[in-house]
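A.B. asks: Pasting a predicted model and its sequence here:
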Amino acid sequence: MPTAVQLEDTVSKNSEIKSSLTEEQSASLLLWQRVNTSLSAYYKLIAHFETAQVALQAGMNESVAKSRHS
């Protein structure tokens with residue numbers, strides 16, 4: 001089991017990596033994670049929306065619309 005110091009180091013390193021990514025790169029990684037690493041689903045979303053940021057925003061807008069109707 002990792003110690004508290006090891007966990008803090010890991011969080012710090014992840015923050016450094018995240019801060020070195022562009023917004024589009026971060027969005028691409030998040031979109032990839034959300035489609036459960038399905039390459040075909042990822043490519044279909046990119047083909048339809050053109051960028052990962054737009055695809056994620058469309059997903060958020062749809063979630064908000066659904067929650068308003070509930």
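C.D. replies: Nice, I can see it. Just so it is clear, the structure is predicted and the values come from calculations on it, not from any experiment. Numbering: from 1, shown residues only.
A.B. asks: and the next element down the chain from the worst-scoring helix or strand of the chain on mean pLDDT?
C.D. replies: Ranking every helix and strand in the chain by mean pLDDT, DSSP states H and E puts helix 4-19 at the bottom, with a mean of 60. Once the chain leaves helix 4-19, the next helix or strand it forms, by DSSP states H and E, is helix 23-34.
A.B. asks: to the chain's geometric centre, what's the distance from the top helix by length along the chain?
C.D. replies: Longest helix in the chain by number of residues, with DSSP state H as the criterion: helix 52-69. Put simply, helix 52-69 sits 14 Å off its chain's centre (Cα atoms, centre = their mean, to the nearest Å).
A.B. asks: what mean pLDDT would you report for it?
C.D. replies: What helix 52-69 shows for mean pLDDT is 80.
A.B. asks: on contacts alone, who are the packing partners of that helix?
C.D. replies: Judged by 3 or more Cβ pairs under 8 Å, 6 or more residues apart in numbering; DSSP states H and E, helix 52-69 is in contact with helix 23-34, helix 39-49. For every residue, glycine as well, the C-beta is placed using N, CA and C.
A.B. asks: By mean pLDDT, show me the worst of the ones you listed.
C.D. replies: helix 23-34 (a mean of 89).
A.B. asks: how far off helix 52-69 does it point, in degrees?
C.D. replies: 60 degrees (axes from the mean of the first three to the mean of the last three Cα atoms, to 10 degrees).
A.B. asks: residues in contact with the most centrally placed residue in the chain?
C.D. replies: With distances taken as Cα atoms, centre = their mean, L30 lies nearest the centre of the chain, 1.3 Å away. For L30, the contact set (Cβ atoms under 8 Å, 6 or more residues apart in numbering) comprises A52, L56.
A.B. asks: now F49, nearest residue through space, not along the chain?
C.D. replies: For F49, ignoring the flanking residues on the chain, the nearest one in space by Cβ to Cβ, 6 or more residues apart in numbering is A55 at 3.9 Å.
A.B. asks: Could you give the number of residues near that neighbour?
C.D. replies: Counted with other Cβ atoms under 10 Å, residues neighbouring A55 total 23.
A.B. asks: do the same with L45
C.D. replies: 22.
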